[in-house]
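Peer 1: have a look at this prediction, sequence included:
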Amino acid sequence: AGSAIQDGEAIGEHGFFQGYTWFTWFLILWSAMGGLIIATVVKYADNLYKAFAVSMSIIFSTILSIPIFHFNISGLFFVGASLVIASVFLYERMVRFDLTTNVGLSMVLVAAAFLIKV
């Protein structure tokens, strides 16, 4: 809807896929293949494998982003990535959400607030 409002005239004249390059198509197909692979893992494997796959994808993406995009890992990024990985395991109910987990996550949130100087 946003593209129709913003670029409706150009889309009507040249079509929706105007300006797509080979790299754009590559990214679309890459994302589609990733979705199919995740669906296959969930169908034939346990959710534990999916949680580990999500965690490893975050770690590998970060490692690859350092040389490719000259990405610097900050403390805030580390806290955010840790929270995302922890939330995956909590959502899949692989970690019991008890007082110890609650205290640990609260400490991470306090560290995040300290890093962004709230």
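Peer 2: Thanks, I have the structure now.
Peer 1: grab the nearest non-local neighbour of the most centrally placed residue in the chain.
Peer 2: Among the residues of the chain, I58 comes closest to the average C-alpha position under Cα atoms, centre = their mean, at 6.7 Å. Spatial nearest neighbour of I58, excluding adjacent residues (Cβ to Cβ, 6 or more residues apart in numbering): A81 at 5.6 Å. All C-beta spots, glycine's among them, are computed from the backbone N, C-alpha and C.
Peer 1: which element is that neighbour on?
Peer 2: Element membership of A81, judged by DSSP states H and E, is helix 75-91.
Peer 1: list the contacts of the residue nearest to I58.
Peer 2: I58, I59, T62 (Cβ atoms under 8 Å, 6 or more residues apart in numbering).
Peer 1: what mean pLDDT does the strand or helix carrying the first one have?
Peer 2: In other words, I58. Here I58 sits within helix 47-69, counting by DSSP H and E. Across helix 47-69, the average pLDDT comes to 82.
Peer 1: and that helix, which residues are buried?
Peer 2: Residues K50, A51, F52, A53, V54, S55, I58 are the ones in helix 47-69 that count as buried (16 or more other Cβ atoms under 10 Å).
Peer 1: helices or strands next to that helix in the packing?
Peer 2: Secondary-structure packing of helix 47-69 (3 or more Cβ pairs under 8 Å, 6 or more residues apart in numbering; DSSP states H and E): helix 22-44, helix 75-91.
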